[in-house]
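Enquirer: Turn this into a structure:
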Amino acid sequence: MTAKTGTLWAAILGSSIVFLDATVVNVALPRIGRDLPAHLVGVLEGQSYVYSAYLVAEAAFLIPAGDLTDSVGRRPMFMVGLIAFGVASLLSGLAPSMEWLIVCRVLQGVAGAILVPASLALITATFTGEEQGRAFGVWSGASAGLGILGPFVGGLLVDTASWRAVFFLNVPLVLVALWVSARYLADGGNTAAPARIDAPGTMLTLLATGGLVVGTISAQQRQWHSPAAFAALGIGAAAAALLPFWIVRARHPLVPPELFRSQNFTVTNISTLVIYAALSATFYYLTLFLQGTLGYSAAAAGVATVPGALFMALFSPRFGELAARYGPRGFMAAGPALMSAGVLWLARIPAGSPAWTLSLSDAVTFRPPDGYFTDVLPGMVAFGLGAMVMVAPLTATLMRSAPVEHAGVASAVNTVISDVGPPLAIAVLFVAVTAHFNAAMAAHVGPAAAAAALGPPHQLAPFTTPGPAAAPEGVRAAARAASTSAFHLAMLVCALLLLCGAAINAVGIRTRVSQAGPVVSPDPTWRRCCHIKDREGPTAAPAA
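Expert: You can find the predicted model right below:
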């Protein structure tokens with residue numbers, strides 16, 4: 001194997017570890033909620049933190065980590081990221097409690113922020129011309145394949161082994177990536193240019209997102225009687241208010257404010273915040289609902305989402321070409337609208353929809369129940385078609401709207417925004433879902449019986465229907481019905497957010513992308529690796 005081939009495989013392994021972890025953890029959340037003891041948090045509260053902690057940490061440290069990669073060197077930062085991600089994954093798999101796992105997910109997020117900017121930078125620095133295009137093609141194909149296979153593989157691990165296996169899976173992959181990196185990677189980086197880290201901006205981003213997310217979820221879990229939750233909300237709100245003032249006045253701000261002089265850049269990022277918040281929340285609650293309420297196996301829940309990923313992986317590049325020819329606005333408005341239609345279909349899944357208990361040991365279970373074809377599949381197809389229409393035009397518009405010397409940071413900013421939206425949406429939906437679930441339980445079994453079921457020792461939570469030994473049949477039926485109506489509410493909110501994203505793009509996007517280059521990958525996660533070193537030179541054509 002040549003040095004170039006080894007570098008390509010190292011980059012693929014490094015980014016694949018992060019992408020795989022992102023796809024499999026969601027499938028494992030229902031089992032984590034059932035199996036892992038929690039001492040300070042509730043079940044759905046803990047699941048929300050496990051999901052959001054990674055995104056909050058990655059969002060805060062992604063841009064500074066990219067700057068360090070440019071300054072310290074690609075090879076050392078890549079290997080540090082690999083080691084840190086492997087250690088965090090091992091600790092996550094060994095977590096004795098929900099609280100421990102939440103802390104480990106924060107560490108994973110920081111490690112991911114170090115690892116992913118270096119992965120694509122290795123390809124950018126090693127390959128040029130057509131050779132670089134082929135390398136990007138291999139890399140994006142691997143990413144798309146993981147997006148399709150990841151949930152299924154994660155589901156199989158959860159069903160056949162344990163939820164811990166989805167974290168332990170990262171460890172051998174990290175070891176292989178370290179061996180390839182040590183053998184084939186050449187050092188590189190602009191060591192003459194010191195890293196310009198905006199430490200105050202980074203901390204304000206972390207405090208704003210983390211404070212608002214933790215404060216909102218914790219306050220609702222404790223019926224808005226927790227002083228600590230209100231303190232977290234206050235810190236988050238203060239940090240969020242201070243962040244734009246700091247960015248405008250800082251010498252080397254986390255985000256160059258001049259980027260937002262472009263209308264297309266501003267509008268694309270606003271729509272990204274709304275659309276990716278809805279996209280992530282949809283799959284988060286759908287996975288919990290399919291497994292926790294309807295009784296799908298983890299493997300079945302993973303397979304259930306594959307159709308949407310297939311459409312995006314196979315056909316999204318074609319819509320990037322069409323957007324370059326006809327302009328992106330129509331595609332960026334039609335895509336989220338079609339995604340919204342798919343989510344609205346999911347909002348009609350009945351409480352009695354049959355379970356799909358897919359198992360490799362039983363061929364009879366390979367065929368989904370009829371309810372999947374009528375209740376879930378049409379919504380996933382419509383959602384996938386909408387994402388197929390939207391993703392490539394959105395990415396091309398983003399990259400065209402920023403001057404070439406800021407291409408890397410513009411991409412990183414959009415990635416941070418796509419990371420910030422989901423935890424904020426899940427925090428707000430946590431309030432709506434839990435309040436709706438509690439009210440529905442009281443309506444079904446009466447306030448006294450609901451209070452007994454929701455309190456210790458049962459502590460029923462949304463999307464966790466108790467077993468026959470844990471609660472009477474009437475309470476179990478009420479929990480299933482209450483979880484279903486809470487899921488419907490979450491889907492309606494997500495559909496509304498997607499419609500808002502479509503309207504934002506329809507009204508705000510102005511120019512065509514007639515000179516945009518080809519989109520490297522249809523997978524939206526590719527932007528996580530697109531921190532390209534700012535280059536000196538002539539600027540691109542004026543951004544819109």
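
Enquirer: For the rest of this, base every contact and every neighbour count on C-alpha atoms.
Expert: Noted.

Enquirer: Go through the helix or strand hosting residue 108 and flag the buried ones.
Expert: Element membership for residue 108, per DSSP states H and E: helix 98-126. Neighbour-count burial for helix 98-126, counted by 16 or more other C-alpha atoms under 10 Å, picks out 98-99, 101-124, 126.

Enquirer: mind checking which helix or strand residue 14 is in?
Expert: For residue 14, the enclosing helix or strand under DSSP H and E is helix 3-35.

Enquirer: how about the next helix or strand after that helix: buried residues?
Expert: Using DSSP H and E, the helix or strand that follows helix 3-35 in sequence is helix 43-72. Residues 43-72 are the ones in helix 43-72 that count as buried (16+ other C-alpha under 10 Å).

Enquirer: just the helices in the stretch 201-350 of the chain please.
Expert: Using DSSP state H, counting those that start in this stretch, the helices of the stretch 201-350 of the chain run over residues 227-249, 263-292, 298-304, 306-326, 329-346.

Enquirer: so which of these gets nearest residue 370?
Expert: Proximity to residue 370 (C-alpha to C-alpha) singles out helix 298-304 among the helices of the stretch 201-350 of the chain, at 12.9 Å.

Enquirer: which other helices and strands contact that closest one?
Expert: For helix 298-304, the packing partners by 3 or more C-alpha pairs under 8 Å, 6 or more residues apart in numbering; DSSP states H and E come out as helix 3-35, helix 129-160, helix 263-292.

Enquirer: Identify all contacting residues around it.
Expert: Contacts with helix 298-304, where a contact means C-alpha atoms under 8 Å, 6 or more residues apart in numbering, come from 27-28, 150-156, 158-159, 287, 290-291, 356-359, 376-377.

Enquirer: Grab the CA positions of whatever helix or strand residue 172 lives in and hand them over as CSV.
Expert: Here residue 172, judged by DSSP H and E, is contained in helix 170-184. In CSV, the C-alpha atoms belonging to helix 170-184 read as follows (Å, rounded to 0.1, in the frame of the first residue of the first chain):
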residue,chain,number,x,y,z
ASN,A,170,-15.2,1.9,18.0
VAL,A,171,-12.1,0.6,19.9
PRO,A,172,-10.8,-1.9,17.3
LEU,A,173,-11.5,0.6,14.5
VAL,A,174,-9.5,3.2,16.4
LEU,A,175,-6.6,0.8,16.8
VAL,A,176,-6.5,-0.1,13.1
ALA,A,177,-6.7,3.6,12.2
LEU,A,178,-3.8,4.4,14.6
TRP,A,179,-1.7,1.6,13.0
VAL,A,180,-2.4,3.0,9.5
SER,A,181,-1.7,6.5,10.6
ALA,A,182,1.6,5.7,12.3
ARG,A,183,2.7,3.8,9.2
TYR,A,184,1.6,6.0,6.3
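
Enquirer: quick one: average pLDDT of that helix?
Expert: Here helix 170-184 scores 90 as its mean pLDDT.

Enquirer: try stretch 372-389
Expert: Mean predicted lDDT for stretch 372-389 stands at 93.

Enquirer: If you count neighbours, what's buried in it?
Expert: 372, 375-389.

Enquirer: These in helices, which ones?
Expert: Under the assignment DSSP state H, these contribute 377-389 to helices.

Enquirer: Which residue is the nearest non-sequential neighbour of the spatially most central residue of the chain?
Expert: Centroid-nearest residue in the chain: residue 280, 5.7 Å away (criterion: C-alpha atoms, centre = their mean). Distance criterion C-alpha to C-alpha, 6 or more residues apart in numbering; nearest residue to residue 280, sequence neighbours excluded, is residue 422 at 5.6 Å.

Enquirer: How about residue 243?
Expert: Distance criterion C-alpha to C-alpha, 6+ apart; nearest residue to residue 243, sequence neighbours excluded, is residue 204 at 6.0 Å.

Enquirer: What count of nearby residues applies to the one you found?
Expert: Using other C-alpha atoms under 10 Å, the number of residues around residue 204 comes to 22.

Enquirer: State the distance from it to residue 212.
Expert: For residue 204, the distance to residue 212 equals 12 Å [C-alpha to C-alpha, to the nearest Å].

Enquirer: try residue 316
Expert: Residue 316 is 34 Å from residue 212, by C-alpha to C-alpha.

Enquirer: For these two, indicate the residue with more neighbours.
Expert: Taking other C-alpha under 10 Å, residue 316 and residue 212 do not tie; residue 212 has more neighbours (28 against 25).

Enquirer: Contacts only, for the closest residue to residue 335 other than its chain neighbours.
Expert: Distances taken as C-alpha to C-alpha, 6+ apart put residue 386 closest to residue 335, at 4.0 Å, once the chain neighbours are dropped. Contacts for residue 386 (C-alpha under 8 Å, 6+ apart) come out as 334-339.

Enquirer: residues near residue 23, how many?
Expert: Other residues within reach of residue 23, judged by other C-alpha under 10 Å, total 21.

Enquirer: per-residue pLDDT, residue 485?
Expert: 95.

Enquirer: again but with residue 438, I slipped
Expert: Note on residue 438: pLDDT of 89.

Enquirer: Report the secondary structure element holding it.
Expert: Using DSSP H and E, residue 438 sits within helix 407-445.

Enquirer: Which elements pack onto the helix holding residue 172?
Expert: Secondary-structure packing of helix 170-184 (3+ C-alpha pairs under 8 Å, 6+ apart): helix 3-35, helix 74-93.

Enquirer: could those helices go into TSV alongside distance to residue 271 and mean pLDDT?
Expert: Listed next are these as TSV, based on distance: least, C-alpha to C-alpha, whole Å; pLDDT from 0 to 100:
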stretch	distance to residue 271	mean pLDDT
helix 3-35	22	85
helix 74-93	30	91
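
Enquirer: quick one: which of those helices is nearest residue 227?
Expert: Nearest of the helices and strands packed on helix 170-184 (C-alpha to C-alpha): helix 3-35, 25.6 Å.

Enquirer: Any buried residues in the closest one, and which?
Expert: By neighbour count on 16+ other C-alpha under 10 Å, the buried set for helix 3-35 is 4, 6-33.

Enquirer: And stretch 352-367, by the same measure?
Expert: The neighbour-count check on stretch 352-367 (16+ other C-alpha under 10 Å) flags 353-359 as buried.

Enquirer: ok, now stretch 236-243?
Expert: Neighbour counts using 16+ other C-alpha under 10 Å place 236-240, 243 of stretch 236-243 among the buried residues.

Enquirer: With only the CA atoms kept, save stretch 367-387 in CSV.
Expert: Taking Å, rounded to 0.1, in the frame of the first residue of the first chain, the C-alpha atoms of stretch 367-387 are listed here in CSV:
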residue,chain,number,x,y,z
ARG,A,367,-40.6,-9.5,6.3
PRO,A,368,-42.0,-6.4,8.0
PRO,A,369,-45.6,-6.5,9.2
ASP,A,370,-48.2,-4.9,7.0
GLY,A,371,-48.4,-2.0,9.5
TYR,A,372,-44.8,-1.0,8.6
PHE,A,373,-45.8,-0.6,4.9
THR,A,374,-48.8,1.6,5.7
ASP,A,375,-47.7,3.4,8.8
VAL,A,376,-43.9,4.0,8.6
LEU,A,377,-42.6,3.4,5.1
PRO,A,378,-44.6,6.0,3.2
GLY,A,379,-43.4,8.7,5.6
MET,A,380,-39.8,7.6,5.4
VAL,A,381,-39.9,7.6,1.6
ALA,A,382,-41.4,11.1,1.4
PHE,A,383,-38.8,12.3,4.0
GLY,A,384,-35.9,10.7,2.0
LEU,A,385,-37.2,12.2,-1.3
GLY,A,386,-37.3,15.7,0.4
ALA,A,387,-33.8,15.4,1.8
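
Enquirer: Please compute how far it lies from its chain's middle.
Expert: Taking C-alpha atoms, centre = their mean, to the nearest Å, one finds stretch 367-387 lying 21 Å from the centre of the chain it belongs to.

Enquirer: and the spatially most distant residue from the centre of the chain, how far is that from residue 442?
Expert: For the chain, the largest distance from the centre (C-alpha atoms, centre = their mean) belongs to residue 448, which lies 38.7 Å off. Separation of residue 448 from residue 442 (C-alpha to C-alpha) stands at 8 Å.
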